[in-house]
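> need coordinates for the following:
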Amino acid sequence: MVDISRGSALGASGASELFQLLRDGAPRTRASLAASTGLARSTIAARVDELMELGLVSPVADAASTGGRPPSQFALNPAARIVLAADLGASHATVAVTDLTGTVLAEQGEHLDIAQGPEAVLGRMVEMGLTLIDGLGRERRDLAAIGIGVPGPVEHSSGRPVNPPIMPGWDRFDVPGWVQQHLEVPVLVDNDVNIMALGERALAWPQVEHLMFVKVATGIGSGIISGGLLQRGAQGIAGDIGHVRVARGSDVPCHCGNRGCLEALASGPAIARALREQGIEANTSNDVVELVKRGDIDAIQAVRQAGRDIGEVLTACVSLVNPSVVAIGGSMARAGEHLIAGVREVVYTRSMPLATEHLAIVQSAAAENAAVLGASMLAIHHVLSPEGIDALAAR
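Numbering: from 1, shown residues only. Next up, the predicted model:
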């Protein structure tokens, strides 16, 4: 029997179990689906019929007969519906339309300050999404769900940001409710690093059960997949490593009100500040990256030290979570191997050998696409869950 929950870090059940098997596009018969899942053929038949009525799967050429009538085969119809995926960052918005496999059909990105507030930012997100849908020649009724990532803690059950430090005016704002006034489909919201973890796993590590995605940008955070499932924690802030204290920076103030936070030492703005204190002109994360690419020794050393500071915190995470993969992403990952070398230097030296024996610390394969891909996965999983299937049928 196949462990169908491995298909998605968000789990699987009901009709979506079949989707996890069908999403690779390979044709299957009812009998093969029953054998793979262990479900009764009558249950398989009912769920296949349900998915076919919605157009989510469609018949394909019959399988070779072993005697008698050839068995009918079915495969995913990825074009049956579309989803909207949005990555809302501190100063940018990227919106994409994807099919039901997460393949991007159209995408648009632009500078957008999250501090403008929820109505302005979400309003622009909706405008961008509708423009993309119209440009594809698709109807609004084809839209099945929306996935959104935001740069702050989110109460996942309600989709409301909770005390987000860089999102003024967003605290407890009903993001799904507001968006649904304009697009009447399910809206799923999560922290941006969580959806980046989903996107990275879906693209590069689909068989890995234990993965950490570390975003190093304006802030620092991580998304944790353990046992094949995304871990959000009791209040939705699992993985918030940016505000773990690092001994080297005990006197450095952080915007959270504490001192010595990892984010105050190793984020893009923190590295830029450290370089300015040395008389080097660097105002943003992009400035730091450009200096590194030009071979500036001071910038390279500062980035490597930031990697060491991140590695100090990740050493504890490796012992606690025991991941197989730590993927480093975010704008500072564009500095290349210098940041990751610092992380590896500390983690491989200080962690227990058993924990690092098969541990890969790598640059994100999904890179700047991780968040949009993860937001798409968030929406797609809901669409193909039993609740989502029921909602589509009701529409």
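> now find how far off-centre stretch 294-306 is within its chain.
Its chain's C-alpha centre and that of stretch 294-306 lie 29 Å apart, by Cα atoms, centre = their mean, to the nearest Å.
> can you tell me what sits against that stretch?
216, 265-267, 270-271, 274-275, 278, 280, 282, 288, 291-292, 332, 335, 338-339, 341-342, 345 (Cβ atoms under 8 Å, 6 or more residues apart in numbering). The way it works is simple: take the backbone N, C-alpha and C, and place the C-beta from them, glycine included.
> what's around the spatially closest residue to Pro164 that is not a sequence neighbour, how many residues?
Excluding its sequence neighbours, the residue lying closest to Pro164 (Cβ to Cβ, 6 or more residues apart in numbering) is Gly152, at 2.5 Å. Gly152 has 22 neighbours, counted by other Cβ atoms under 10 Å.
> in helices only, show me the contacts of stretch 294-306.
Using DSSP state H, the members of the contacts of stretch 294-306 that fall in helices are 265-266, 270-271, 274-275, 288, 291-292, 338-339, 341-342, 345.
> go through those and name the one nearest Leu112.
Distance to Leu112 across the ones in helices among the contacts of stretch 294-306 (Cβ to Cβ) is lowest for Val288, with 22.3 Å.
> wait, doesn't that closest one sit right on Arg273?
No. Applying Cβ atoms under 8 Å as the test, Val288 and Arg273 come out as separate, 10.0 Å apart.
> higher neighbour count, the two?
Comparing Val288 with Arg273 by other Cβ under 10 Å, the one with more neighbours is Val288, at 29 against 16.
> for the more buried one, give me its contacts.
If you count contacts by Cβ under 8 Å, 6+ apart, then Val288 has 268, 271-272, 275, 282, 299, 302-303, 332, 335 around it.
> name the nearest of those relative to Ile44.
Closest to Ile44, out of all of those and judged by Cβ to Cβ, is Met332, at 47.8 Å.
> where does this protein have low pLDDT?
1-20, 23, 61-71 (pLDDT under 70).
> quick one, longest helix in it?
When the chain is parsed with DSSP H, its longest helix is helix 297-321.
> and the angle from it to helix 268-276?
140 degrees (axes from the mean of the first three to the mean of the last three Cα atoms, to 10 degrees).
> what is the burial count for the nearest residue to Ala247 once chain neighbours are set aside?
In space, and not counting its chain neighbours, Ala247 is closest to Gly260: 7.3 Å by Cβ to Cβ, 6+ apart. By other Cβ under 10 Å, 18 other residues sit near Gly260.
> same deal with Ala40?
10.
> got the phi and psi for it?
phi -70, psi 150 (degrees, to the nearest 10).
> swap in Val187?
phi -120, psi 120.
> just the buried members of the contacts of stretch 294-306?
Buried members of the contacts of stretch 294-306, scored by 16 or more other Cβ atoms under 10 Å, are 216, 265-267, 270-271, 274-275, 280, 282, 288, 291-292, 332, 335, 338-339, 341-342.
> quick check: closest non-adjacent residue to the residue most central in space within the chain.
Central residue of the chain (Cα atoms, centre = their mean): Ile195, 2.0 Å from the mean position. Residue nearest to Ile195 in three dimensions, not counting chain neighbours: Gly374, with 3.2 Å by Cβ to Cβ, 6+ apart.
> what helix or strand is the one you found located in?
Using DSSP states H and E, Gly374 sits in helix 370-383.
> my read: Val383 touches Ala80, true?
No. Val383 is beyond contact range of Ala80, at 9.7 Å (criterion: Cβ under 8 Å).
> so what sits against both of those two?
Common neighbours of Val383 and Ala80 (Cβ under 8 Å, 6+ apart) are Leu100.
> please identify the buried residues of the longest helix of the chain?
When neighbours are counted by 16+ other Cβ under 10 Å, the buried residues of helix 297-321 are found to be 299-315, 317-318, 321.
> pull the contacting residues for the nearest residue to Asp287 once chain neighbours are set aside.
The spatially closest residue to Asp287, leaving aside those adjacent along the chain, is Ala272, at 6.0 Å (Cβ to Cβ, 6+ apart). Ala272 sits next to 282-285, 287-288 when contact means Cβ under 8 Å, 6+ apart.
> ok, Thr103 next?
Pro78.
> for it, grab phi and psi.
Note on Thr103: backbone dihedrals following degrees, to the nearest 10 are phi -70, psi 130.
> what's the answer for the one 3 residues further on, then?
For Ala106, the backbone dihedrals are phi -160, psi 150 (criterion: degrees, to the nearest 10).
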